[in-house]
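Enquirer: What follows is a protein structure lacking sequence information:
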């Protein structure tokens, strides 16, 4: 193939422009990405060679070499991995097939445009080379392909790239960066490149080699020799003893595999022996990723088998509700040719999944139950970021439901955050049997709900649930330590032993004397309310809406409607406060009864966060009442 010029895919043009003009806050990130790509190429060769050992050719030892030419101002990252054919070079370097590309560009164009750590999150790490280079040349030959069928790819990172066939004796890939300016010349110094490799790539299990420097007494300076030395530890960090790994090394490794600029909130490193043998190094991030709510996103756990990299996103190793967990699991039992299908069916994988889930939950429990104030603060920070996702586990992981229930944290009428179910039970009133909860769109809406009035009056704590997942969670969490979870917006209020006999008798008498008015209300609202009844739950408000036990709450119905799903047709129950002046006015002569009845219903609907079907009619009724 003679030299051919091709145009970049449109999205690549946009990314290259953003890379060269925006990503300048942390230039050294390019070396992490290119060394990581070189390591991946070696892992791919090792994997394919399981079925075809001839791919190793005459180079069985896999390695990455980094070297520079100060005269030519080039920095080269060389690997003897799988290599690329001409078609693969065009496919991998000229187009982007990643679904996250648009999100990546949106991030760079927004508040985080200077954050070079973003580039690794979307599989576009190769292009980070243009942060420091005004031209990149890639020379590569795929393993098993004749020497005269190698390929050279070259581009200045503008709108085009060139492809041509070359002869290359060695399998693998050279990525040659032609450094753009004097600021980039720092990467023509051994100490600078070596320290960057130590910072980001020390854990890579392949040797990363650089030419050794020595002191030249005649020249009075360091000179580069022809002798190669390994500049990384070349041992997978998770295979080392915990006592040999520093906290800083754990944190640096996390940043490398997660592309997160912040340190992790917590981590756990263990070797498990027994029926299944595996090593786990798992991290909980400090901040939620932007795609946390994408349940279809692959997991963040990398799978290795006997230190051989198998896959980057082994979702079978961690339940969906722990999709925020990052880390590495290295199995000694799985076959090296394991597929995603085999992962779903393997008993060993099931054991790893169960063990890793328990380990993560144990790590969270140690923070939540700690007497140390810093650990408690860490758990509260975790809950703010990931609590809503953890709640999904109550319906997905029956085996760990009790452990998950103890990890839940809520706001309540007694505290704005951090209330556990155990805290609530410890503060329950004498004679109280149920754990009372209310769901709402916001904390402010929950706090001001009229359905809480009797509970506030009696000092009974109510949990305030404001996450969208809470309604679904309540369908799976029915009790805690023998106490039923009861919504204050469902069924008739029954405080049991918390309500004295005098209050019960007064309520019965009020209901009896108010019966004629109730009958008229039921008739006036027959198309809107399933029933109308006197309640003791209201103190200051005239009315509220509730539903029968077992019926769908108004809050859940609204959530379904917002999600474009049809909610089962059902009518709420209107409960009225017979002692309220507005309700008493219903029984007076000359009052516009039907208008007042509908105003009561509409106000109750608004108070619980609902939307009026006919706002204009409500305004007209209120205006009529105000001007009467």
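Expert: Done, it's in. Keep in mind that what you see is a predicted model, and the values were worked out from it rather than measured.

Enquirer: since we're on the nearest residue to residue 596 once chain neighbours are set aside, how many residues are nearby?
Expert: Take residue 596 and drop its neighbours on the chain: the residue closest to it by CB to CB, 6 or more residues apart in numbering is residue 586, 5.6 Å away. All C-beta atoms are positioned from the backbone trio N, CA, C, and that covers glycine. Look at residue 586: counted by other CB atoms under 10 Å, it has 22 neighbours.

Enquirer: try residue 483
Expert: Neighbour count of residue 483, defined by other CB under 10 Å: 16.

Enquirer: in the sheet, who's paired with the residue nearest to it when sequence neighbours are not counted?
Expert: Using CB to CB, 6+ apart and skipping the chain neighbours, the partner closest in space to residue 483 is residue 435 (4.9 Å). When assigned by DSSP bridges, residue 435 has beta-bridge partners residue 485.

Enquirer: burial of residue 435, as a residue count?
Expert: Counted with other CB under 10 Å, the neighbours of residue 435 add up to 20.

Enquirer: how near is it to residue 458?
Expert: Per CB to CB, to the nearest Å, residue 435 is found 15 Å from residue 458.

Enquirer: just residue 626 next, same as before
Expert: Per CB to CB, residue 626 is found 35 Å from residue 458.

Enquirer: Looking at these two, which is more packed in?
Expert: With neighbours defined as other CB under 10 Å, residue 626 and residue 458 compare such that residue 458 has more, 14 against 7.

Enquirer: where's that one relative to residue 523, distance?
Expert: Residue 458 sits 34 Å away from residue 523, going by CB to CB.

Enquirer: now swap in residue 472 and tell me
Expert: Counting by CB to CB, the gap from residue 472 to residue 523 is 37 Å.

Enquirer: quick one, what contacts residue 532?
Expert: 518, 521-522, 525, 573-576 (CB atoms under 8 Å, 6 or more residues apart in numbering).

Enquirer: what about 6 Å?
Expert: 518, 521-522, 574 (CB atoms under 6 Å, 6 or more residues apart in numbering).

Enquirer: Is it part of a helix or strand, or is it coil?
Expert: With DSSP: H, G, I helix; E, B strand; the rest coil as the basis, residue 532 sits in strand.

Enquirer: That one bridge partners, please.
Expert: Counting by DSSP bridges, residue 532 is bridged to residue 574.

Enquirer: So what's the residue count around residue 533?
Expert: By other CB under 10 Å, the residues close to residue 533 number 16.

Enquirer: what about the closest residue to it other than its chain neighbours, neighbour count?
Expert: Take residue 533 and drop its neighbours on the chain: the residue closest to it by CB to CB, 6+ apart is residue 575, 5.8 Å away. A count of nearby residues for residue 575, using other CB under 10 Å, gives 24.

Enquirer: Check what pLDDT residue 575 gets.
Expert: pLDDT recorded at residue 575 is 88.

Enquirer: Let me know the distance separating it from residue 130.
Expert: For residue 575, the distance to residue 130 - CB to CB - is 66 Å.

Enquirer: Let me see the contact set for the residue nearest to residue 483.
Expert: By CB under 6 Å, 6+ apart, the contact list for residue 435 reads 424, 483, 485.

Enquirer: so who does the first one touch?
Expert: Residues in contact with residue 424, defined by CB under 6 Å, 6+ apart, are residue 435.

Enquirer: Please shift the residue numbers so they start at 33 in all later answers.
Expert: Okay, residue one is now 33; in that scheme the one you just asked about reads as residue 456.

Enquirer: how many neighbours does residue 628 have?
Expert: Residue 628, neighbours per other CB under 10 Å, totals 20.

Enquirer: How about the one 5 residues further on?
Expert: Residue 633: 23 surrounding residues under other CB under 10 Å.

Enquirer: Helix, strand, or coil at it?
Expert: Using three-state DSSP, the structure places residue 633 in helix.
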